[in-house]
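Peer 1: Predicted model and sequence below, questions to follow.
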Amino acid sequence: GESVGLHLPTLSVQEGDNSIINCAYSNSASDYFIWYKQESGKGPQFIIDIRSNMDKRQGQRVTVLLNKTVKHLSLQIAATQPGDSAVYFCAEKGSETYKYIFGTGTRLKVLA
Amino acid sequence: KAGVTQTPRYLIKTRGQQVTLSCSPISGHRSVSWYQQTPGQGLQFLFEYFSETQRNKGNFPGRFSGRQFSNSRSEMNVSTLELGDSALYLCASSIDSRYQPQHFGDGTRLSIL
């Protein structure tokens, strides 16, 4: 299918290694954050979310870290698999709005 | 539970025409948002509807409009199509709660010739 983004930053990792994808968010008033995964030809798929009253949240093979001081969000994927190859987006939402702002995305390539 | 359904999946139009895209949210979800996704601009918010009312709007021209029906299904319309409107249009639905995520459909790929 057509590329989601032709000039996205790309992270290449070896299969089995851990991946860390970073995101700088824009609004210090944002209080809810989501990571999405988008595969070619599909819509973004929810991975994990975190509220601003937390610093860390874990899911299955994924961990999200939130640093409100520097407005930074990261997604850690443990034991990266070929099926993890996709574009990853972070999204933020302010406390007074129902509107999400999405980051530009990072392409993750898993090398066999 | 069925996911967000968007129809059609692909559409080809010519400049000057208009188009209507449809979105059926997840059952029980009352908030529906629309996004435009292009390689150059990423995911751009168009508008959000809740209980048949537009609650939020992005920075798009008035050629882009939408509506929501009483069963929460939503449509978006683009009139007087331009070449730059070629994009993937994504619909997302959510439970109307501050800390519940949006869930996306697979989009409608609109190509303008």
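Peer 2: Perfect, thanks for sending it. Numbers count the residues shown, from 1 in each chain, chains lettered A, B, ... in the order given.
Peer 1: Only C-alpha atoms from now on, for both contacts and neighbour counts.
Peer 2: Noted.
Peer 1: Sketch out the low-pLDDT regions of chain A for me.
Peer 2: Within chain A, the segments meeting pLDDT under 70 span A:1-7.
Peer 1: Which residues of it lie near chain B?
Peer 2: Neighbours of chain B within chain A, by Cα under 8 Å from any Cα of the partner chain: A:3-7, A:32, A:34, A:41-46, A:49, A:51, A:95, A:97-105.
Peer 1: which residue is nearest the middle of chain B?
Peer 2: Geometric centre of chain B, nearest residue: B:Trp34, 3.2 Å, by Cα atoms, centre = their mean.
Peer 1: what pairs with that residue across the strands?
Peer 2: B:Phe47, B:Cys91 (DSSP bridges).
Peer 1: which ones are touching it?
Peer 2: Residues near B:Trp34 by Cα atoms under 8 Å, 6 or more residues apart in numbering or on different chains: B:Phe45, B:Leu46, B:Phe47, B:Glu48, B:Met76, B:Tyr89, B:Leu90, B:Cys91, B:Ala92.
Peer 1: ok, and the most crowded of those?
Peer 2: Neighbour counts for the contacts of B:Trp34, by other Cα atoms under 10 Å in any protein chain shown, peak at B:Cys91, which reaches 32 neighbours.
Peer 1: Name the residues that touch the helix or strand encompassing A:Lys109?
Peer 2: Here A:Lys109 sits within strand A:106-111, counting by DSSP states H and E. If you take Cα under 8 Å, 6+ apart as the criterion, strand A:106-111 is touched by A:8-15, A:21, A:80-82, A:84-89.
Peer 1: Just the buried residues of stretch B:81-95, please?
Peer 2: Going by neighbour count (16 or more other Cα atoms under 10 Å in any protein chain shown), the buried part of stretch B:81-95 is B:81-82, B:85-95.
Peer 1: again with stretch A:69-82
Peer 2: A:Leu73, A:Ser74, A:Leu75, A:Gln76, A:Ile77, A:Thr80, A:Gln81.
Peer 1: for the fifth one, what are its contacts?
Peer 2: It refers to A:Ile77. A:Asn18, A:Ser19, A:Ile20, A:Arg61, A:Val62, A:Thr63.
Peer 1: try 6 Å
Peer 2: Contact partners of A:Ile77, counting by Cα atoms under 6 Å, 6 or more residues apart in numbering or on different chains, are A:Asn18, A:Ser19, A:Arg61, A:Val62.
Peer 1: repeat for the first one
Peer 2: Taking Cα under 6 Å, 6+ apart as the contact definition, A:Leu73 lies against A:Asn22, A:Cys23, A:Leu65, A:Leu66.
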